[in-house]
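Enquirer: got a predicted model here, sequence first, then my questions.
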Amino acid sequence: MALLLLATAPRAQGIDAPNVVPVTELLVTSGQPTADALSRLGAAGFQAVIYLAPSTVHSAVQEEPALLAKQGIEFVQIPIPFATPSAGHFRTVTAALQRLKDKKVLVHCEVNMRASSMVFLHRVVTLKDEPASAFAFVTRVWSPRGPWRTLIEEQLRESGIRFELL
């Protein structure tokens, strides 16, 4: 039953984007939504969008802030260079997610690698969710490598969380 709900949720939420992953009723991660999808987020109940890629990535929708503002949706951009994610980026993302915790939020980047990884860390380090079930949402998109794997392992270790990444 849960798999059926997850498989149909992106369509129900009207998000035309790569790698849409509903995490909870109030939290969804994805790659870059189309301009049309961004213009319909308010109708789908979204109240905030956290964008984790620099505006210079090839798939960025330059009018994203304006499209969201027209709908009364809060836009937060935390540009994380893909090759150099940091603990500071994680702290900034988790602070934004904590502030928006009672709102329906889309966290997105280019293809949902940054977003899925940062949301995983937020869920496990800040919300104390069980790591294996939280990591399953990441592995729907990718298996973190390089600096992303290093960041995740460091943050887990610093938080005293024992979990072996796949």
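Expert: Here it is on my side, so go on. Numbering: from 1, shown residues only.
Enquirer: so which residues of the chain form strands?
Expert: 21-24, 27-30, 48-51, 74-77, 105-108 (DSSP state E).
Enquirer: using CSV, list the CA coordinates for the first one.
Expert: Right, strand 21-24. Provided in CSV are the C-alpha atoms of strand 21-24 (Å, rounded to 0.1, in the frame of the first residue of the first chain):
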residue,chain,number,x,y,z
VAL,A,21,10.5,11.7,-3.7
PRO,A,22,7.7,12.4,-1.3
VAL,A,23,9.2,12.0,2.2
THR,A,24,6.2,13.0,4.3
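Enquirer: buried set for it?
Expert: Across strand 21-24, burial judged by 16 or more other CB atoms under 10 Å covers Val21, Pro22, Val23. C-betas here are computed from N, CA, C, even on glycine.
Enquirer: check the gap between the first one and Arg162 for me.
Expert: Computed as CB to CB, to the nearest Å, the Val21 to Arg162 distance reads 25 Å.
Enquirer: go on, the last one?
Expert: When CB to CB is applied, the distance between Val23 and Arg162 equals 22 Å.
Enquirer: re the thing from before, any chance of a markdown table for the strands of the chain, columns distance to Val119 and mean pLDDT?
Expert: What follows is the strands of the chain, written out as a markdown table (distance: least, CB to CB, whole Å; pLDDT from 0 to 100):
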| stretch | distance to Val119 | mean pLDDT |
| --- | --- | --- |
| strand 21-24 | 6 | 97 |
| strand 27-30 | 5 | 98 |
| strand 48-51 | 9 | 98 |
| strand 74-77 | 14 | 98 |
| strand 105-108 | 6 | 98 |
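Enquirer: could you redo those as TSV and give each row distance to Ala115?
Expert: Below are those laid out as TSV (distance: least, CB to CB, whole Å):
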stretch	distance to Ala115
strand 21-24	8
strand 27-30	4
strand 48-51	8
strand 74-77	12
strand 105-108	5
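Enquirer: report the contact partners of the closest residue to Arg140 other than its chain neighbours.
Expert: Excluding its sequence neighbours, the residue lying closest to Arg140 (CB to CB, 6 or more residues apart in numbering) is Val21, at 5.4 Å. By CB atoms under 8 Å, 6 or more residues apart in numbering, the contact set of Val21 is Leu6, Val28, Thr29, Ser30, Asn112, Ser116, Phe137, Arg140, Val141.
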